[in-house]
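> all I have is the shape, not the residue letters:
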């Protein structure tokens with residue numbers, strides 16, 4: 001079993017910053033892709049940012065220049081630094097990872113952490 005534990009969500013004013021963290025635990029050989037998704041009220045889940053095992057990152061157009069994804073392979077942790085937050089960034093943010101377990105890659109999700117951007 002592989003489990004992801006997220007932290008760092010909360011309430012922040014427009015223009016503020018937050019840093020999300022997600023740590024993996026359990027039995028796995030390595031982790032391929034790590035990513036953050038979000039789901040706003042009444043909307044579907046969307047990809048925010050992803051990072052490969054060699055550090056190549058991709059971002060949704062709506063967060064480019066404001067969000068930065070990074071990973072620490074030694075700690076099996078992915079981060080999402082968010083600055084210049086906007087009310088439209090309000091959503092539940094989900095961590096996603098693809099660990100290699102028993103010769104195959106699994107799709108593993110975190111429980112979600114709520115980010116609320118409001119004055």
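Structure's in. What do you need? Predicted model only: the values in this text are computed from it and were never measured.
> what sits against residue 77?
21, 22, 23, 24, 71 (C-beta atoms under 8 Å, 6 or more residues apart in numbering). Using the backbone N, CA and C atoms, a C-beta is placed for each residue, glycine as well.
> kindly report the same for residue 8.
18, 19, 20, 21, 113.
> measure it to residue 46 for me?
From residue 8 over to residue 46 the distance is 19 Å, taken as C-beta to C-beta, to the nearest Å.
> just residue 9 next, same as before
For residue 9, the distance to residue 46 equals 17 Å [C-beta to C-beta].
> settle it for me: which of those two has more neighbours?
Each of residue 9 and residue 46 has its neighbours counted (other C-beta atoms under 10 Å); residue 9 has more, 18 against 12.
> relative to residue 58, how far out is that one?
Going from residue 9 to residue 58 by C-beta to C-beta gives 22 Å.
> what about the most centrally placed residue in the chain, distance to residue 81?
In the chain, the centroid-proximal residue (C-alpha atoms, centre = their mean) is residue 36; its distance is 2.7 Å. To residue 81, residue 36 is 11 Å away according to C-beta to C-beta.
> between those two, which contacts overlap?
Residues touching both residue 36 and residue 81 (C-beta under 8 Å, 6+ apart) are residue 69.
> want to throw the contacts of residue 8 into TSV with distance to residue 30?
Formatted as TSV, the contacts of residue 8 follow (distance: C-beta to C-beta, whole Å):
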residue	distance to residue 30
18	28
19	24
20	22
21	19
113	25
